[in-house]
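**Q** the sequence isn't on hand, but the structure is:
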């Protein structure tokens, strides 16, 4: 009997030792899991500010209805109840409950940004809804709405495809992620780190008090992103574009490449994209003929029009095909082979040298210069001028444009099945030559920055949520223009004459009190009215801003785009409207033209 009793006690003691010492941790966790629940604490997304500290995007307080894992819960019955209470499809509720069962801690969002009625319904029945909770969350808010839509981008729920590549970064279904603009480019900075807290709950899943023994982790808000944008100039550009069907404005600080304005019109309200669109609303947005989701600043291409005459002039000077003093006589048209190419000014510009040709935008002058250069050399210098390549701006989606080299024509039209006369159109920025607004502004920025095109960027600095600076942008040299100092000085002189000269085509861009430079452009559009272009910089002696404006189907660049560029430059430089008429600066007197070596006795040919 004693032996039997001893054996029984040995077994009992051994079993107790196994349960308490060897398997004690497992059963302790199992016990706590029965009454302790972990809840995810979502970190608010970081702020986005302009260069002057104006908040462009923040996070507002919102209430969400979430689901947490609960043992011994009848999910089918709960799904039916929630579907009825919240007017949601039973399949959706079932999917969310199944997802919640897979999480040890944290919650799955059932309804984001819930209405007061939905919150009230849940709170009234919480005792009969185990694991269902109303949580305070942070909801992204864009304070400037469509004004900065394409620059900032927007956030939305992470997709299944994105989860496949982001799982290692702890993204889960229901998380929000940047979808475009700087929201996407600087996602990891803005995201922050979610926290977790543990609560002791009763049998119905109602939190009673915090569980002190849980490995709680505080949520860490995302970092703040300070952009190079100037919100005043940005709003000025957006308001000016809103009067037209479509267009874009880009402005840079030439010495650093900082993007001061990035406005594309039309633009969606990013707040509506965050809140979620119905299928009908999304189809209307994506199917719109004005393409509001297209960032025209970096994704739309246009013939550059007469602003491209700056490149044609530079190519002529650098190759030695012409000097600035050689002249032609423009009688309103130029015959090349069996075709006649007309100037925009029907009566012609008369005797014209290069300065006058740029100032008054004489087409005949540049037809002849283009014919002498040929497609090969003109497009070679176009590529060397930085066109046909991306600028490297720090948002996704930038396109290259198109520089139609002879090999391009051979590929598209067949070898030797295209006329060399295309060079006349190319010389004045028409035809198959296509550029983006960011490329147009970058080219002029390079000219006024002594030939160095800086890489454009929207990022200025990053800060922690407490305000400590953790990263600062450094100006990065981009493309070096292959122009001599003499050519650059001439191009700047010509652009000043375009605006300030008596007969300049850009007089609408004058700003009282300072001297500015620019170039008009009117690009032919096979699908409608001409596109209106204007590029400008100010002040002329020490440029602080370069602006490029394109307005679709609007006609003359001098009449439409130039006043918009002027308003944007004035807004950034701190000038106020209304402005009295600027004083006309007379053009430097010119002597009679000197016959060039190919002109004979009359100023007819280059």
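**A** The structure has been received and is ready for your questions. Quantities reported herein were computed from a predicted structural model and do not represent experimental measurements. Numbering: from 1, shown residues only.
**Q** so which residues of the stretch 501-606 of the chain form strands?
**A** For the stretch 501-606 of the chain, strands defined by DSSP state E, counting those that start in this stretch occupy the ranges 517-523, 531-538, 545-551.
**Q** please name the nearest non-neighbouring residue to residue 299.
**A** residue 397 (5.2 Å; C-beta to C-beta, 6 or more residues apart in numbering). C-beta: built from backbone N, CA, C; applies to glycine.
**Q** wait, which of the strands of the stretch 501-606 of the chain is closest to residue 93?
**A** strand 545-551 (48.9 Å; C-beta to C-beta).
**Q** now for that closest one, which elements pack on it?
**A** strand 247-253, helix 437-448, strand 531-538, helix 562-573 (3 or more C-beta pairs under 8 Å, 6 or more residues apart in numbering; DSSP states H and E).
**Q** centroid residue for this protein?
**A** Against the mean C-alpha coordinate of the chain, by C-alpha atoms, centre = their mean, the closest residue is residue 151 at 3.6 Å.
**Q** just give the nearest non-adjacent residue to it, would you?
**A** Per C-beta to C-beta, 6+ apart, closest to residue 151 is residue 262, 4.3 Å.
**Q** likewise for residue 312?
**A** residue 427 (4.8 Å).
**Q** distance of that neighbour from residue 196?
**A** Relative to residue 196, residue 427 is positioned 66 Å away (C-beta to C-beta, to the nearest Å).
**Q** who's more crowded, those two?
**A** Using other C-beta atoms under 10 Å as the criterion, residue 427 and residue 196 rank with residue 427 on top: 30 against 16.
**Q** may I have the phi/psi pair for that one?
**A** Phi and psi for residue 427, reported as degrees, to the nearest 10, are phi -60, psi -30.
**Q** what helices or strands is the helix or strand containing residue 412 leaning on?
**A** For residue 412, the host element (DSSP states H and E) is helix 406-413. Using 3+ C-beta pairs under 8 Å, 6+ apart, the elements in contact with helix 406-413 are helix 363-384.
**Q** give the other helices and strands that the helix it packs on contacts.
**A** Helix 363-384 packs on helix 309-319, strand 328-330, strand 333-336, strand 339-342, helix 354-359, helix 406-413, helix 422-427, going by 3+ C-beta pairs under 8 Å, 6+ apart.
**Q** winner for burial among the ones you listed?
**A** Mean neighbours per residue, mean count of other C-beta atoms under 10 Å, is largest over the helices and strands packed on helix 363-384 for helix 354-359, with a mean of 26.
**Q** tell me which residues touch residue 514, please.
**A** 538, 539, 540, 573 (C-beta atoms under 8 Å, 6 or more residues apart in numbering).
**Q** before we move on, what about residue 345?
**A** Here residue 345 is in contact with 330, 332, 360, 362 (C-beta under 8 Å, 6+ apart).
**Q** export those residues as CSV, with columns for distance to residue 551 and pLDDT.
**A** Below are the contacts of residue 345 laid out as CSV (distance: C-beta to C-beta, whole Å; pLDDT from 0 to 100):
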residue, distance to residue 551, pLDDT
330, 27, 92
332, 27, 90
360, 22, 94
362, 23, 94
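**Q** what two of those residues are the furthest from one another?
**A** Pairwise over the contacts of residue 345, using C-beta to C-beta, the maximum falls at 332 and 360, 12.7 Å.
**Q** higher neighbour count, the two?
**A** Neighbours were counted for residue 332 and for residue 360 using other C-beta under 10 Å; residue 360 has more, 22 against 16.
**Q** pretty sure the more buried one contacts residue 503?
**A** Yes. Residue 360 lies in contact with residue 503 (C-beta atoms under 8 Å); the separation is 5.3 Å.
**Q** shaky segments in this protein?
**A** Residues of the chain meeting the criterion pLDDT under 70: 26-35, 38, 71-72, 104-106, 202-207, 213-215, 577-606.
**Q** chain center to the biggest strand by length in it, what's the gap?
**A** Criterion DSSP state E: the longest strand present in the chain is strand 55-67. Centroid separation for strand 55-67 versus its chain: 24 Å, with C-alpha atoms, centre = their mean, to the nearest Å.
**Q** just the element for residue 226, please.
**A** strand 224-227.
**Q** ok, now which ones touch the residue nearest to residue 312?
**A** So residue 427 contacts 308, 309, 312, 366, 367, 369, 370, 371, 373, 378 (C-beta under 8 Å, 6+ apart).
**Q** which one of these is nearest residue 145?
**A** residue 308 (34.7 Å).
**Q** I figured the closest one was touching residue 433, is that so?
**A** Yes. Using C-beta under 8 Å, residue 308 is in contact with residue 433, at 6.8 Å.
**Q** quick check: residue 455 touching residue 392?
**A** Yes. Using C-beta under 8 Å as the test, residue 455 is close enough to residue 392 to be in contact (4.7 Å).
**Q** between these two, which contacts overlap?
**A** 476, 478.
**Q** can you give me phi and psi for the residue nearest to residue 425 when sequence neighbours are not counted?
**A** Of all residues not flanking residue 425 in the chain, residue 431 sits nearest, at 3.8 Å (C-beta to C-beta, 6+ apart). Residue 431 adopts backbone torsions of phi 80, psi -140, taken as degrees, to the nearest 10.
**Q** how many residues are close by residue 431?
**A** 15.
**Q** cool, residue 543 as well?
**A** By other C-beta under 10 Å, the burial measure for residue 543, its neighbour count, is 22.
**Q** so who does it touch?
**A** Going by C-beta under 8 Å, 6+ apart, the list of residues near residue 543 reads 254, 255, 448, 449, 537.
**Q** look at the second one and give its secondary structure.
**A** Taking DSSP: H, G, I helix; E, B strand; the rest coil as the rule, one finds residue 255 in the coil state.
**Q** check contacts around it.
**A** 449, 454, 475, 543.
**Q** which members of those residues define the maximum pairwise distance?
**A** Checking the contacts of residue 255 with C-beta to C-beta, the most distant pair is 475 and 543, at 14.8 Å.
**Q** residue 442 contacts residue 386, doesn't it?
**A** Yes. When contacts are counted by C-beta under 8 Å, residue 442 is listed as touching residue 386 (6.6 Å).
**Q** those two: which is more packed in?
**A** More neighbours surround residue 442 than the other of residue 442 and residue 386, with 30 against 21 (other C-beta under 10 Å).
**Q** separation between the more buried one and residue 257?
**A** Applying C-beta to C-beta to residue 442 and residue 257 gives a distance of 8 Å.
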